[in-house]
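A.B. asks: Structure for this input, please:
(one chain, ligands or ions: 1)
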Amino acid sequence: MANNNTNKMLTEAKKTKKDEFYTRLEDIEKELCNYKNCFKNKVVFCNCDDPYESNFFKYFALNFNALGLKKMICTCYAGSPIITEQLSLFDVKGLVLKKEDSKKPYKIEICSVHDFNKDGAIDLIDIKSIIEENENNSLSLLKGNGDFRSDECVELLKESDIVVTNPPFSLFREFISLINQYNKDFVLISNINALTYKDVFKMFMEDKIRTGYTNFNVGMYFSVPDNTPKFHRIENGKKFVRVASSCWLTSLPVEKHNDYLILYKEYSEEKYPKLQNCKGINVETYNDIPDNYFDYIAVPITFLDKYNPNQFKIVGSAEANILPDGWKGMTKEFVDLYYKQGNTGSIRIGNRLTCCISSKGIASIPYKRVIIIRKRNEVDENV
Ligand SMILES: C[S@@+](CC[C@H](N)C(=O)[O-])C[C@H]1O[C@@H](n2cnc3c(N)ncnc32)[C@H](O)[C@@H]1O
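C.D. replies: Next up, the predicted model:
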């Protein structure tokens, strides 16, 4: 029993550590500058963001007028190990929180921003002053722990139009399902692994979600707490970790998803391995999608970053457990051939993962596939 408890605590601690990745301002600016028109007169909610350390808070506070925001709300979580402790966002600390309250979760609501000290520019000193002066803006303690699922945070969610944050990855499923439940727009940092969560994948199929402007196979650096033992670099005394699989996800329009992929490859039986699950082929990269093929095509997950719903339809993904019509599990012939060719790993007859055999008779199970089909109307319009 003691062992079980210890294991549970270790797993929780590991999860919590993984959640303490703080987004750099430059990455936020690079992505959010593309949605400028979407924020006008909107209430933005950053619900996993300690204003003292969150660059999302900094971005929206400083660009409040440029974006034409109606309001911004920012709540922080009591479980954050660096709550008001480490990365002092307000270079000027002071009256904002009373000392005895400095470890408690709180919220900041901002409804107007102006050049308080009349020095010609809006900066964090102005933001601090307008909060202290209570000019239409407030800082107040939360009743609970600031969990995005708590009643008071859900009330704030209801009041908001767009949620923008980098939520804890360990709670990503719950996070997105809550936003969905209240039908809110969002711009979030996520991980490529989350794309095949069933609920997230369904949203792709229904064209309710798409990847953001930042290409998702370039990786992003995040700052991490000082006591993080493993990191990739140090800048100005701060530790940074690189996450190769991070990506932006949004419900807002993203122009690149209106672009048509230029298909220049020609289909031939010799070149394209045949899917064993249904009538279709496997391609190794979206560049290999042939121009003259209209059955199912299994593409790598990176295709989602190029997906134009007018050009293709997503019909499923075995990893998301959403199977296209007529999808079959692995046959005995496939499993036998796979092992005969020296492959290892555990597969069995009936396994529903995407599997294929090339014209040379090579059996393979490609990594994480999305199954798509060309849209006929697109072809008619574009010939
Ligand atoms: C990946 S970090 C990102 C922090 C910040 N949003 C940013 O982008 O810099 C996730 C944050 O969510 C906080 N968090 C963890 N569980 C939470 C919960 N249940 N409700 C709200 N915030 C939570 C963590 O403490 C952490 O600060």
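
A.B. asks: excluding its backbone neighbours, what's nearest the closest residue to the ligand within the stretch 151-300 of the chain?
C.D. replies: Proximity of the stretch 151-300 of the chain to the ligand (C-beta to the nearest ligand atom) peaks at residue 166, 3.2 Å away. Placement of C-beta: from N, CA and C, glycine included. Leaving aside its sequence neighbours, residue 166 sits nearest to residue 189 (C-beta to C-beta, 6 or more residues apart in numbering; 3.8 Å).

A.B. asks: Quick check: which ranges of the stretch 51-200 of the chain have low pLDDT?
C.D. replies: The model of the stretch 51-200 of the chain has pLDDT under 70 over residues 79-103.

A.B. asks: quick one, helices of it?
C.D. replies: 55-62, 64-67, 124-132, 151-159, 172-181, 198-205 (DSSP state H, counting those that start in this stretch).

A.B. asks: The residue of the stretch 151-300 of the chain closest to the ligand against residue 21, yeah?
C.D. replies: Yes: Residue 166 is within contact range of residue 21, at 7.1 Å (criterion: C-beta atoms under 8 Å).

A.B. asks: So for these two, which residue has more residues nearby?
C.D. replies: residue 166 (24 against 21; other C-beta atoms under 10 Å).

A.B. asks: Contacts only, for that one.
C.D. replies: With contact set as C-beta atoms under 8 Å, 6 or more residues apart in numbering, residue 166 has these partners: 21-23, 48, 56, 188-189, 222.

A.B. asks: one more time with 10 Å, if that's ok
C.D. replies: Residue 166 sits next to 19, 21-23, 27-28, 46, 48-49, 54-56, 188-190, 220, 222, 246, 248 when contact means C-beta atoms under 10 Å, 6 or more residues apart in numbering.

A.B. asks: what's the residue of the chain positioned farthest from its centre in contact with, if anything?
C.D. replies: For the chain, the residue at maximal distance from the C-alpha centroid (C-alpha atoms, centre = their mean) is residue 340, at 39.9 Å. Residues counted as contacts of residue 340 (C-beta under 10 Å, 6+ apart) are residue 363.

A.B. asks: Distance of the residue of the stretch 151-300 of the chain closest to the ligand relative to residue 57?
C.D. replies: Distance check for residue 166 against residue 57: by C-beta to C-beta, to the nearest Å, it reads 12 Å.

A.B. asks: And for residue 247?
C.D. replies: The value you get for residue 247 to residue 57, if C-beta to C-beta is used, is 22 Å.

A.B. asks: got it, and residue 265?
C.D. replies: Distance of residue 265 to residue 57, computed by C-beta to C-beta: 47 Å.

A.B. asks: Same drill for these two, tell me which one is more crowded.
C.D. replies: Taking neighbours as other C-beta under 10 Å, residue 265 and residue 57 compare with residue 57 leading, 25 against 15.

A.B. asks: Quick check, that one in contact with residue 106.
C.D. replies: No: between residue 57 and residue 106 there is no contact under C-beta atoms under 10 Å: 11.9 Å.

A.B. asks: Common neighbours of those two, please.
C.D. replies: 50-51, 74, 76.

A.B. asks: Residues of the chain that sit close to the ligand?
C.D. replies: 19-23, 48-49, 54-56, 77, 79-80, 146-148, 165-168, 171 (C-beta under 6 Å from any ligand atom).

A.B. asks: Quick check on those residues: which are buried?
C.D. replies: 19-23, 48-49, 54-56, 77, 80, 146-148, 165-168, 171 (16 or more other C-beta atoms under 10 Å).

A.B. asks: which residue sits closest to residue 47, ignoring its sequence neighbours?
C.D. replies: residue 148 is the one closest to residue 47 (C-beta to C-beta, 6+ apart), at 4.5 Å.
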